[in-house]
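how would this look folded up:
(chains A and B)
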Amino acid sequence: MTVPENLSYTPEHEWVAINDGVASVGITDFAQQALGDVVYVSVPAPGTAVTAGEPFGEVESTKSVSDLYSPVDGEVIEANPEIDDDPGLVNTDPYGAGWLLRIRMADDADPVGLLTPEEYTALTKEAE
Amino acid sequence: MITPDATEPRSTPLRGVHEQLGASMTEFAGWLMPLRYRSETAEHQAVRASAGLFDLSHMGEIIVDGPGAAAALDYALVGQPSSMAPGRARYTMICAADGGVLDDLIVYRLDDQEFLVVANAANTSVVETALRERADGHDAQITDQTEAYALIAIQGPAAAGILGPLTDVALDGVKYYTGHRGTVAGREVLLARTGYTGEDGFEVFSQPGDAEHIWMTLSGAGAAAGLVPAGLAARDTLRLEAGMPLYGSELGPDTTPFDAGLGRVVKLDKPGDFVGRAALAAAAQAPPRRVLVGLRGGTRRVPRHGYPVLWDGQARGTVTSGAPSPTLGVPIAMAYVEPEVAAEAGAGPPEADQHGAADGPHGAADSRLAVDIRGRAEPAVLTPLPFYHRTHERPR
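Reported below is the predicted structural model:
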């Protein structure tokens, strides 16, 4: 199970990369392993407002469905165009080609509750 | 009989093998079982294209023996095991007095006075208790021998070719739904041509101590042919594509065999009484109260157990099982619907492909029929079962 050092994480097993007020979001290696083969991802369209901690989409695998939660307040600016045709990217490259969406963070957004790689790793060990 | 600690799941004799293979393990019916080894989709596809190896040692094995064994089973079950020749196997059910299904079973007649009843892991105890009660007054013993058996299945078009050189049983002579005593990898087994995938395949009952040797030998021999280990996730999508029911989904105490379209297992014309006779005779005569149908999903979202089936926006049925179909490339599901809905929804243009092609729904999905998938109605198309037809023949 990989937990890249340059990312932040949520307790809902998502990773977040923040650059210049834009948060890129995906699910972690731990999450994709637990889900199994991903068959469908639903994320909101660009322009949709999202709220930190609120569910905004779903990841569906062979056996189960999991909600996706927004890690930050803001507005969706881009959804990964490859995911619809190739949802398996979430399994094969969850931190790279399997990214899910980009959110322009609200001006005053100061994301709280994001975990460091060490904190996230500890959380996954508790989950086992 | 071993009574396990209530909090610890039981392990099969192959647990060490699964862990070595890096399987994702899951608790299922009180057993620690491999859910998948790498990708359940790849495992499923391997079974359709070549072969898969399954650990099914969690299944229950109950021996019924004695001079009255056949008569006891004729009374206890809806089928007629007394009419089976030794060496035959039959799919059957054990029902409650009201006709509700307690379990679906495969019964093997090992000898004139000896039968092996294979039950679902979750129901083994219930089945054993019911058999014991129903055998009262018959000269027959009921013994749960689950701990004495390991069960390995090899399923797929390449299965016979892989297994053939490793067994002293001539597989060409092994007909579907028969069991033969012999050896595999030099170890004594009961070898049956049965399975739960819709492919040709074999189920190998062995002593627990021989399971690892048999598994490793089959694995090694089958590697070149594309044999892979396959877990419970693949097992479920394979049986769903094959239109086979699962207890707890399509079958349960609130369903009769007739509801599930399996009235053929109820032998009402066998002489003598059996548990559930009156209720099942009535059900056989009555108009169907629900129909088990197949559905193809019109979007990528998957109809799941318990989701309402909608007809013109009204809930007129319930999904029993659903999953993405690796072979068809769309979600598939089984559902109980009201008979009128099955008739009306099925009255549209017939499905053109019956050969498992990875096709989308035909034309515009019939939007009168839909599944409420977590609050959103997604179109569905009524599809005859099974969804998948094997193209490779097995000997008659």
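
how much space between the spatially most central residue of chain A and residue A:116?
Chain A has residue A:26 as the residue nearest its centroid, 2.7 Å off, counting by Cα atoms, centre = their mean. Plainly put, residue A:26 is 17 Å away from residue A:116 if you go by Cβ to Cβ, to the nearest Å. For every residue, glycine as well, the C-beta is placed using N, CA and C.

again, but for residue B:193
To residue A:116, residue B:193 is 56 Å away according to Cβ to Cβ.

what kind of secondary structure is the residue nearest to the centre of chain A in?
Look at residue A:26: counting by DSSP: H, G, I helix; E, B strand; the rest coil, its state is strand.

ok so, going back, residue B:193 and residue A:116: who's more crowded?
Using other Cβ atoms under 10 Å in any protein chain shown, the more surrounded residue of residue B:193 and residue A:116 is residue B:193, with 22 against 13.

that one against residue B:172, yeah?
No. Contact criterion Cβ atoms under 8 Å: residue B:193 and residue B:172 do not qualify, at 10.9 Å.

how much space between residue B:340 and chain A?
With distances taken as Cβ to the nearest Cβ, to the nearest Å, residue B:340 is found 31 Å from chain A.

burial of the residue of the stretch 101-250 of chain B found nearest chain A, as a residue count?
At 5.8 Å from chain A, residue B:233 is the closest residue in the stretch 101-250 of chain B, using Cβ to the nearest Cβ. Residues lying near residue B:233 (other Cβ under 10 Å) number 25.

quickly find the element holding it.
According to DSSP states H and E, residue B:233 maps onto helix B:232-241.

tell me what that helix is packed against?
Helix B:232-241 sits against strand B:31-36, helix B:40-49, strand B:314-324, strand B:331-337, with contacts defined as 3 or more Cβ pairs under 8 Å, 6 or more residues apart in numbering or on different chains; DSSP states H and E.

and if we set it to 10 Å?
Applying 3 or more Cβ pairs under 10 Å, 6 or more residues apart in numbering or on different chains; DSSP states H and E, we find helix B:232-241 packed against strand B:24-28, strand B:31-36, helix B:40-49, strand B:51-55, strand B:150-155, strand B:314-324, strand B:331-337.

tell me which element residue B:91 is part of?
Taking DSSP H and E as the criterion, residue B:91 maps to strand B:89-95.

list the buried residues of that strand.
Across strand B:89-95, burial judged by 16 or more other Cβ atoms under 10 Å in any protein chain shown covers B:89-90, B:92-95.

for the closest residue to residue A:50 other than its chain neighbours, grab the count of nearby residues.
Nearest residue to residue A:50, sequence neighbours excluded (Cβ to Cβ, 6 or more residues apart in numbering or on different chains): residue A:70, at 3.9 Å. Neighbour count of residue A:70, defined by other Cβ under 10 Å: 26.

same question for residue B:87.
By the measure other Cβ under 10 Å, the count of residues near residue B:87 is 17.

show me what contacts the residue nearest to it when sequence neighbours are not counted?
Counting by Cβ to Cβ, 6+ apart, residue B:178 is the residue found nearest to residue B:87 once chain neighbours are left out, at 5.3 Å. Applying Cβ atoms under 10 Å, 6 or more residues apart in numbering or on different chains to residue B:178 gives the contacts B:85-89, B:108-109, B:191-194.

returning to that earlier point: next up, the contacts around the residue nearest to the centre of chain A.
Taking Cβ under 10 Å, 6+ apart as the contact definition, residue A:26 lies against A:7, A:14-17, A:32, A:41, A:59, A:68, A:80, A:83, A:89-90, A:93-101.

just the buried subset of those, please.
Among the contacts of residue A:26, the ones that count as buried by 16+ other Cβ under 10 Å are A:7, A:14-17, A:32, A:41, A:59, A:68, A:80, A:83, A:89-90, A:94-95, A:98-101.

near chain B, which residues of chain A?
Proximity of chain A to chain B (Cβ under 10 Å from any Cβ of the partner chain) is limited to residues A:33-34, A:36-42, A:58, A:60-65, A:67, A:84, A:87-88, A:91-92.

so which of those are in strands?
A:38-42, A:58, A:60-61, A:65, A:67 (DSSP state E).

surely the residue of the stretch 101-250 of chain B closest to chain A and residue B:35 touch.
Yes. Counting by Cβ atoms under 10 Å, residue B:233 sits close enough to residue B:35 to count as a contact (5.3 Å).

shared neighbours of the two, anything?
Counting by Cβ under 10 Å, 6+ apart, the common neighbours of residue B:233 and residue B:35 are A:36, A:63, B:24, B:26.

close enough to count as contact, the third one and residue B:35?
Yes. With contacts counted by Cβ under 10 Å, residue B:24 reaches residue B:35, the gap being 4.9 Å.

which of those two has more neighbours?
More crowded of residue B:24 and residue B:35, by other Cβ under 10 Å: residue B:35, with 20 against 17.

list the contacts of that one.
Listed by Cβ under 10 Å, 6+ apart, the contact set of residue B:35 reads A:36, A:63, B:18, B:23-28, B:231-236.

tell me which residues touch the closest residue to residue A:84 other than its chain neighbours, please.
Once flanking residues are discounted, residue A:84 sits nearest to residue A:41: 7.7 Å by Cβ to Cβ, 6+ apart. Residue A:41 is in contact with A:26-27, A:57-61, A:68, A:79-80, A:83-84, A:87, A:89-90, A:98, A:100-101, B:300, counting by Cβ under 10 Å, 6+ apart.

can I get stretch B:77-85 as PDB, trimmed to CA atoms?
C-alpha atoms of stretch B:77-85 as PDB (Å, rounded to 0.1, in the frame of the first residue of the first chain):
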ATOM      1  CA  LEU B  77     -36.200 -32.900   0.600                       C
ATOM      2  CA  VAL B  78     -38.400 -31.800  -2.200                       C
ATOM      3  CA  GLY B  79     -36.600 -34.100  -4.700                       C
ATOM      4  CA  GLN B  80     -36.500 -37.800  -4.900                       C
ATOM      5  CA  PRO B  81     -33.000 -39.100  -4.000                       C
ATOM      6  CA  SER B  82     -34.300 -42.700  -3.900                       C
ATOM      7  CA  SER B  83     -34.500 -42.600  -7.700                       C
ATOM      8  CA  MET B  84     -30.800 -41.700  -8.100                       C
ATOM      9  CA  ALA B  85     -28.400 -44.400  -9.200                       C
END
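
residue B:279 in helix, strand or coil?
Secondary structure, three-state DSSP: residue B:279 is helix.

the closest residue to it other than its chain neighbours in helix, strand or coil?
Among residues not flanking residue B:279 along the chain, residue B:99 sits closest, at 3.5 Å (Cβ to Cβ, 6+ apart). The local conformation at residue B:99, judged by three-state DSSP, is coil.

got a pLDDT number for residue B:99?
pLDDT for residue B:99: 98.

surely it meets residue B:255?
Yes. Between residue B:99 and residue B:255 there is a contact at 8.9 Å, judged by Cβ under 10 Å.

returning to what we had before: filter the residues of chain A next to chain B to the buried ones?
Among those, those classed as buried by 16+ other Cβ under 10 Å are A:34, A:36-42, A:58, A:60-63, A:65, A:87-88, A:91.

tell me which of the contacts of residue B:178 is nearest to residue B:367?
residue B:194 (40.3 Å; Cβ to Cβ).

and the helix or strand where residue B:63 lies, which strands flank it?
Using DSSP H and E, residue B:63 falls within strand B:60-65. Here strand B:60-65 has these sheet partners by DSSP bridges: strand B:114-119 (antiparallel), strand B:141-144 (antiparallel).

from the ones you listed, which stretch is densest packed?
Ranked by mean neighbour count, the strands paired with strand B:60-65 are led by strand B:114-119 with a mean of 24 (mean count of other Cβ atoms under 10 Å in any protein chain shown).

can you check what angle separates whichever helix or strand comes after that strand from strand B:89-95?
Later in the chain than strand B:114-119, the nearest helix or strand by DSSP H and E is helix B:124-134. Orientation of helix B:124-134 against strand B:89-95 (axes from the mean of the first three to the mean of the last three Cα atoms, to 10 degrees) gives an angle of 80 degrees.
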